[in-house]
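1. Just need the structure, nothing else, for what follows:
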Amino acid sequence: MFMLAMLVTTSLGLVVQVADTIPRFDVQPTCRAAVALAGAGSEGRTVESCVAGENAALKALEKDWAKVPGTERTQCIGTVKVGGAPSYVELLTCLEMMRDSRKRLDDAAKSRKPEGKS
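-> This next block holds a predicted model:
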């Protein structure tokens, strides 16, 4: 029983640690697939422009990563990894949607408070 508890505790610690750092994705396959789906020469979309967009998204993630709640990081990392080629743009978009949803819920909760109470 002790070994099972240690395994669960260790496993849970690993999940938290994974969300503490930005995952490293190989975006080349993602970009090649995106360009292929869009069609060659489609509105200037190239693998290079896709990689540039992914790198810009990674820089934005690096800037704000520590401010994002761990539960949101974990959820979005899991979501982005489902279905194949992961993307920093998708991860950033997921985190932005989570942030916006959280803010709306917070604003709604504040507006429901009776006047004169905090």
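
2. When you work out contacts or count neighbours from here on, use the C-alpha atoms and nothing else.
-> Fine.

3. my guess is Cys50 contacts Ala36, does it?
-> No. Using C-alpha atoms under 8 Å, Cys50 is not in contact with Ala36, being 11.7 Å away.

4. And these two? Which one has more around it.
-> Ranked by neighbour count (other C-alpha atoms under 10 Å), Cys50 and Ala36 place Cys50 first, with 19 against 15.

5. Let me see the contact set for the more buried one.
-> Cys31 (C-alpha atoms under 8 Å, 6 or more residues apart in numbering).

6. roughly how far apart are it and Leu37?
-> 13 Å (C-alpha to C-alpha, to the nearest Å).

7. Count the residues that sit near the residue nearest to Ala66 when sequence neighbours are not counted.
-> Among residues not flanking Ala66 along the chain, Asp20 sits closest, at 7.9 Å (C-alpha to C-alpha, 6 or more residues apart in numbering). Asp20: 16 surrounding residues under other C-alpha under 10 Å.

8. Next: Val51.
-> Counted with other C-alpha under 10 Å, Val51 comes out at 20.

9. Kindly provide the distance from it to Gly39.
-> Distance, Val51 to Gly39, using C-alpha to C-alpha: 17 Å.

10. right, and the residue nearest to Ala66 touches Pro69 too?
-> No. The criterion here is C-alpha under 8 Å, and Asp20 misses it with Pro69 at 9.8 Å.

11. Where does pLDDT dip in the chain?
-> Along the chain, segments meeting pLDDT under 70 span 1-19, 40-42, 114-118.
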